[in-house]
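Undergrad: just a sequence and a predicted model for now, questions to come.
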Amino acid sequence: MRTFDFAPLYRSTVGFDRLFSMLDGASANEAQSYPPYNIERTGENAYRITMAVAGFAENELSIESRENTLTVKGEKADDKTEGAEFLYRGIAGRAFERRFQLAEHVEVRGATLQNGLLHVDLVRVIPEAMKPRRIEIATANGNAKAIETAAA
C-alpha cells in the first residue's frame, strides 16, 4: 500500500487544509472494515446509512453530527461472557468508531436500531437562497415574459 506525506504541501498552501485533512483521512480509513455498512439513496434528497452492529444495545451506541462529519461509536458496557469457554468466537464485540463525511446541507433526521442493524436517516435540505427561482423579464413595451426553471 502506498502512503503519501502531505506535510510539505501544508507549508506552501493556504486555505486547502481541509482538502489535505480529507486526503489524510481517506488513506487512514481504507484499512477500517468493522462494522460493515451500506449507504443507500431512499429518495431524491434522502439517504440511509445502515450499519451491522450485532451484539450492541442502544445505550452502547452513540451518534454525533458535527461540521459535516457523522460519527458513530460503539462501546460494550461489560462483557458478560468472561467466564465462558469459547470453542470458536466469530461474533466481534469490539469497540469501534466510524466517521462519514457529509455533504453540505445534509442533516441527520433520526436513527433506529432494529434486528442488529443501526439505520441512520439523512436528508439534504437546500436553503431557499440556493433553490432555483423564477425571474420576470420586462420588455420595452411593458409586456413581461417569465422564465421558469426546474426545481432541483
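TA: Yep, that arrived.

Undergrad: and the nearest residue to N68 once chain neighbours are set aside, how far from T42?
TA: Nearest residue to N68, sequence neighbours excluded (C-beta to C-beta, 6 or more residues apart in numbering): L102, at 4.8 Å. Where you see a C-beta, it was placed from the backbone N, CA and C, and this is true even at glycine. Counting by C-beta to C-beta, to the nearest Å, the gap between L102 and T42 amounts to 16 Å.

Undergrad: ok so, going back, the residue nearest to N68 touches E67, doesn't it?
TA: No: checked against C-beta atoms under 8 Å, the pair L102 and E67 is beyond contact range at 9.1 Å.

Undergrad: so for these two, which sits in the more crowded spot?
TA: L102 (18 against 6; other C-beta atoms under 10 Å).

Undergrad: how's this protein carved up into domains?
TA: 1-31, 35-80+88-126 (automatic domain parsing).

Undergrad: may I ask which helix or strand of the protein has the lowest mean pLDDT?
TA: strand 144-147 (a mean of 56; mean pLDDT, DSSP states H and E).

Undergrad: ok, which stretches of the protein are strands?
TA: Here the chain has its strands, by DSSP state E, at 37-41, 46-52, 61-66, 69-74, 96-101, 106-114, 117-124, 135-138, 144-147.

Undergrad: adjacent strands (with direction) for the second one?
TA: Taking DSSP bridges as the criterion, strand 46-52 forms sheet pairs with strand 37-41 (antiparallel), strand 117-124 (antiparallel).

Undergrad: how about the third one?
TA: Strand 61-66 has its sheet partners listed here by DSSP bridges as strand 69-74 (antiparallel).

Undergrad: quick one: mean pLDDT for the partner strand?
TA: Averaged across strand 69-74, the pLDDT comes to 94.

Undergrad: which residues touch that strand?
TA: When contacts are defined by C-beta atoms under 8 Å, 6 or more residues apart in numbering, strand 69-74 is touched by residues 35, 49, 51, 53, 56, 60-65, 95-102, 108, 118, 120, 122.
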